[in-house]
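Participant: Have a look at this prediction, sequence included:
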Amino acid sequence: RRDALIEALKSDREITEARGTWGTKTDDERLAVLMKVLTAECRVYDIPAPAVRLFNEPPGDEGFFSSDTMTLNLNTHPDSGWSDYKEAVNTVVHENMHNYQAVLVQRLEEGIITREDPEYMQAKIFAANDAPGGYVDTDEDLDDDEAGTNPYKTQPVEAHAWDTGDGVAEELVAGPPPER
């Protein structure tokens, strides 16, 4: 599905051209582009689009997804990733993967996903990671990205979200910028 998402995003001229004009765009223009990214991702992954809420706080949290409210929250602070095309796309894709994970778990719990479903094991793993005591919060003392032993980033839901967000964003900025 990631390849289908990359293809969908690369085929949208407004999304690809935003790469070269991101620094001059208003917050409303940036949001419009990111909403197109979000819509394409939801279509490819067959999930409902979450509500989107903007907040403005000093860097530290680029964004987050709340499964309680099914809301994707994006930080518009000028010193956050909002000001960088690649980081903003990465954040939207990453956080919306948590939406996808929540929807899979919900479908599993409702019996829509059964043992015969190709997403069954993935849904079970996400459900276990999301169960009480199953999610590892970030801990600076334990985080070691260089050694690949960051327990927060290597748990299933985060590894999936980081891999997808990083991979999609990287593909969108690979090669020369599109001609206008």
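Facilitator: Sure, I can see it.

Participant: Residue 134 versus the nearest residue to residue 113 once chain neighbours are set aside, what's the distance?
Facilitator: Leaving aside its chain neighbours, residue 113 sits nearest to residue 107 (4.6 Å; criterion: Cβ to Cβ, 6 or more residues apart in numbering). Where C-beta positions appear, they are placed from N, C-alpha and C, glycine not excepted. Relative to residue 134, residue 107 is positioned 18 Å away (Cβ to Cβ, to the nearest Å).

Participant: Same check on residue 117?
Facilitator: Taken as Cβ to Cβ, the span from residue 117 to residue 134 is 21 Å.

Participant: about what we covered before: more crowded one of residue 107 and residue 134?
Facilitator: Neighbour tally, residue 107 and residue 134, criterion other Cβ atoms under 10 Å: the higher count belongs to residue 107, 17 against 14.

Participant: For this protein, just list every one of the helices.
Facilitator: 2-10, 13-21, 27-45, 85-109, 120-130, 151-154, 156-173 (DSSP state H).

Participant: Against which helices or strands is the longest one packed?
Facilitator: In this case it means helix 85-109. helix 13-21, helix 27-45, strand 63-66, strand 71-75, helix 120-130, helix 156-173 (3 or more Cβ pairs under 8 Å, 6 or more residues apart in numbering; DSSP states H and E).

Participant: Between those, which one is closest to residue 94.
Facilitator: helix 156-173 (3.0 Å; Cβ to Cβ).

Participant: Show me which residues of the closest one are buried.
Facilitator: By 16 or more other Cβ atoms under 10 Å, the buried positions in helix 156-173 come out as 156-158, 160-162, 164-165, 167-169, 171-172.

Participant: Same check on stretch 64-76?
Facilitator: By neighbour count on 16+ other Cβ under 10 Å, the buried set for stretch 64-76 is 64, 65, 66, 72, 73, 74, 75, 76.

Participant: Now pLDDT and distance to residue 96 too, for those, in CSV please.
Facilitator: Formatted as CSV, the buried residues of stretch 64-76 follow (pLDDT from 0 to 100; distance: Cβ to Cβ, whole Å):
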residue, pLDDT, distance to residue 96
64, 93, 11
65, 94, 7
66, 93, 12
72, 95, 6
73, 95, 11
74, 95, 11
75, 95, 15
76, 94, 17
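
Participant: Residues contacting stretch 79-97, please?
Facilitator: Outside stretch 79-97, the residues that touch it by Cβ atoms under 8 Å, 6 or more residues apart in numbering are 5, 9, 18-19, 22-23, 27, 30, 34, 37-38, 41-42, 50, 57-59, 62-65, 72-76, 160-162, 164-166, 168-170, 172-173.
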